[in-house]
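1. generate a structure from the sequence data that follows.
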Amino acid sequence: MGGIYQLFFSQPFQISDTGYIYIDRDDNIDSVYNQIIKVGNPKSMKGFKIIAEQKGYDKNIKTGRYAIKPTDNMRYLHRRLSLGYQTPVNLTIGSVRTMDRIARNASRQLMIDSTEIIGLLNDTAYLNTIGYTQQTIPALFIPNTYEVYWNISAEDFMKRIIKEHKVFWNEERIKKAESIGLTPEEVATLASIVEEETAVNAEKPVVAGLYINRLKRGMLLQADPTIKFSLQDFGLKRILFKHLEVNSPYNTYKHTGLPPGPIRIPSIQGLESVLNHARHNYLYMCAKEDFSGTHNFAVTSAQHAANARRYQQALNRRNIK
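-> Now for the predicted structure:
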């Protein structure tokens with residue numbers, strides 16, 4: 001009797017903290033055993049192997065992330081694995097520039113291959129069923145940390161993203177967007193421009209207010225980040241006249257209104273900066289000549305021209321082409 005107790009009910013794992021094993025689609029019984037040994041450092045695997053053989057676990061291996069606790073016994077661990085009782089992971093969706101980056105980041109945190117997510121994001125028919133296009137789909141993602149299961153499928157991943165989008169876009173935020181005259185997708189588009197313009201959180205509502213002023217007046221937004229996006233050259237340090245000629249619907253020096261969709265995944269801070277934008281009369285902005293990352297704002301074109309001259313001179317002094 002004592003031997004049976006030791007095999008199945010004692011605490012064999014020689015660990016001080018909970019560890020985790022990750023069972024993928026290509027794992028087999030031997031690779032599961034190896035993970036348990038590596039993570040749990042058990043005194044013996046005999047008890048687990050006996051239960052696994054009796055219950056046919058090798059024919060019913062479930063993918064997922066599973067905890068091995070210091071207080072576990074082999075019976076508890078087998079039950080957890082065989083029934084698929086996973087421990088969730090924290091999935092972080094970041095404010096990034098491209099859908100490829102979203103897919104790569106997710107695949108690094110989950111069992112999903114990035115190609116599975118990209119396949120959906122490039123599938124026009126699928127996007128149509130959820131009400132988006134390849135231009136507007138970046139607006140669906142709300143950067144945050146979410147608790148999900150590690151073996152979530154690409155389809156369920158997208159369902160979770162849709163769910164969190166609906167949670168963020170509650171009645172209060174929708175009403176704020178409507179009061180500005182924008183849809184949630186348009187708020188995300190403007191927020192993406194704001195975030196490419198400035199990394200200074202205190203400036204974001206001011207920049208958002210400036211672009212909203214231009215939209216209301218039917219002025220070209222003339223946002224330099226949309227030129228970088230059009231050229232797919234995000235490291236461009238100086239926008240020249242030749243760059244402004246790029247033939248793209250995202251070129252806000254040629255096309256009035258907002259571009260077809262976000263030029264990056266805007267953060268919650270960026271979205272809120274549009275929904276709660278500063279009220280002022282500014283129509284122009286130019287990076288400060290001290291390269292602090294902040295901006296000089298102007299009401300008139302003459303004021304803006306003076307600010308721009310100082311900045312251009314600073315660029316020239318630093319030989320930034």
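
2. any buried residues in stretch 136-145, and which?
-> Thr136, Ile137, Pro138, Ala139, Leu140, Phe141, Ile142, Pro143 (16 or more other CB atoms under 10 Å). The way it works is simple: take the backbone N, C-alpha and C, and place the C-beta from them, glycine included.

3. scan this protein for its longest helix.
-> Across the chain, the longest stretch assigned as helix under DSSP state H is helix 301-317.

4. mind listing what's buried along that helix?
-> Quick answer for helix 301-317 (16+ other CB under 10 Å): Gln303, His304, Asn307, Ala308, Tyr311, Leu315.

5. same thing with stretch 65-74?
-> Arg65, Tyr66, Ile68, Lys69, Asp72, Asn73, Met74.

6. could you export the residues you listed as JSON lines, including distance to Met99, pLDDT and secondary structure?
-> Formatted as JSON lines, the buried residues of stretch 65-74 follow (distance: CB to CB, whole Å; pLDDT from 0 to 100; DSSP: H, G, I helix; E, B strand; the rest coil):
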{"residue": "Arg65", "distance to Met99": "25", "pLDDT": "98", "secondary structure": "strand"}
{"residue": "Tyr66", "distance to Met99": "31", "pLDDT": "98", "secondary structure": "strand"}
{"residue": "Ile68", "distance to Met99": "36", "pLDDT": "96", "secondary structure": "strand"}
{"residue": "Lys69", "distance to Met99": "38", "pLDDT": "95", "secondary structure": "coil"}
{"residue": "Asp72", "distance to Met99": "40", "pLDDT": "93", "secondary structure": "coil"}
{"residue": "Asn73", "distance to Met99": "45", "pLDDT": "92", "secondary structure": "coil"}
{"residue": "Met74", "distance to Met99": "44", "pLDDT": "92", "secondary structure": "helix"}
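
7. generate a markdown table for these, with distance to Thr189 as supplementary columns.
-> Below are the buried residues of stretch 65-74 laid out as a markdown table (distance: CB to CB, whole Å):
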| residue | distance to Thr189 |
| --- | --- |
| Arg65 | 36 |
| Tyr66 | 41 |
| Ile68 | 46 |
| Lys69 | 47 |
| Asp72 | 50 |
| Asn73 | 55 |
| Met74 | 55 |
